[in-house]
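Chemist: I would like to see how this sequence folds:
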Amino acid sequence: MPGGRLTQPERQQIALGLAGGLAYAEIARRLERPTSTVTREVMRNGGPTAYRADLAHRASERRARRRQPAPREPRTPPQPYGRDAGAVRAYEETLTTVFMQSGTPRMMARVMACLCVSDAGALSAAELVQRLQVSPASVSKAIAFLESQDLVRRERDGRRRERYCIDDDVWYQSMIASARATAQVAETARQGVAVLVPGTPAAGRLENIGRFLDFVSENLTRAADQAREVLHTKPGTTADGPARPGPGHGQDRQPAGRDPRGGQRGRSRTSP
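Modeler: The predicted structure follows:
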């Protein structure tokens, strides 16, 4: 490809062209490369009488490896409470992988995991850059994405420095945002029923999708509301251990507005 690195087959064509007495310009024309590229390639690798395609290719690969910067490992800051720094780093990588498996892009997952394992739950952009060993632009892009998903929020410390936080209530807000998005898909599916004519196979499919997603959205909202207190209760502060959702938080409860089989049950549905 013009402008890219020469390939081994291209170097072999250069060697054949030189053996056949072709000028650099003619070899370049046949390769659809600039003449300067062919000239530089030949002169860098022994000249027209000593050029060897295989030797030239290996030399090019060695130069490329020398130019590549060594990968930078994330930095784990000194750990309080007697924690094992290596174990913390390994756990952060595991958490990153789990976030990625749930659909979060890699850089965003790394920022999320880094915030989660910090005791303050808040880090500045400079701290994230230092810990993750990435560019400021990468951190900025990741934060913008996480903010759009209601997974982080911004705050300023006493010195007016901006920090990115992942406090307890972020998880509640994220669940509510997910429920709203699901409800929007359900509403759009129901709109398709009229377009595709009720009673047809396609309309029936969309109607079922709408009912299913309505049920999921309403139950997700209810579960998040009932469990929200857990996010604000310190473990071990109750007689029975960590706080749990109050009475009635069961999987058998049905949403007040819609039966999963499709019937209305007492009220019209409202968006969460």
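Chemist: could I get the buried residue list for stretch 220-227?
Modeler: Neighbour-count burial for stretch 220-227 flags 220-224, 226-227 (criterion: 16 or more other Cβ atoms under 10 Å). Placement of C-beta: from N, CA and C, glycine included.
Chemist: same question for stretch 118-127.
Modeler: Across stretch 118-127, burial judged by 16+ other Cβ under 10 Å covers 118, 121-123, 127.
Chemist: dump these to JSON lines, plus secondary structure, pLDDT and distance to Gly199.
Modeler: Output for those, formatted as JSON lines (DSSP: H, G, I helix; E, B strand; the rest coil; pLDDT from 0 to 100; distance: Cβ to Cβ, whole Å):
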{"residue": "Ser118", "secondary structure": "coil", "pLDDT": "91", "distance to Gly199": "56"}
{"residue": "Gly121", "secondary structure": "coil", "pLDDT": "89", "distance to Gly199": "53"}
{"residue": "Ala122", "secondary structure": "strand", "pLDDT": "91", "distance to Gly199": "55"}
{"residue": "Leu123", "secondary structure": "strand", "pLDDT": "93", "distance to Gly199": "56"}
{"residue": "Glu127", "secondary structure": "helix", "pLDDT": "92", "distance to Gly199": "59"}
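Chemist: follow-up on the earlier one: so which of the buried residues of stretch 220-227 belong to strands?
Modeler: Among those, no member falls in strands (criterion: DSSP state E).
Chemist: could you dump these into CSV with distance to Val88 added?
Modeler: Listed next are the buried residues of stretch 220-227 as CSV, based on distance: Cβ to Cβ, whole Å:
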residue, distance to Val88
Leu220, 32
Thr221, 35
Arg222, 36
Ala223, 31
Ala224, 29
Gln226, 32
Ala227, 27
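Chemist: narrow the residues you listed to those in helices?
Modeler: Per DSSP state H, helices hold the following members of the buried residues of stretch 220-227: 220-224, 226-227.
Chemist: nearest to Arg163, of those residues?
Modeler: Using Cβ to Cβ, Ala224 is the member of these that sits closest to Arg163, with 25.6 Å.
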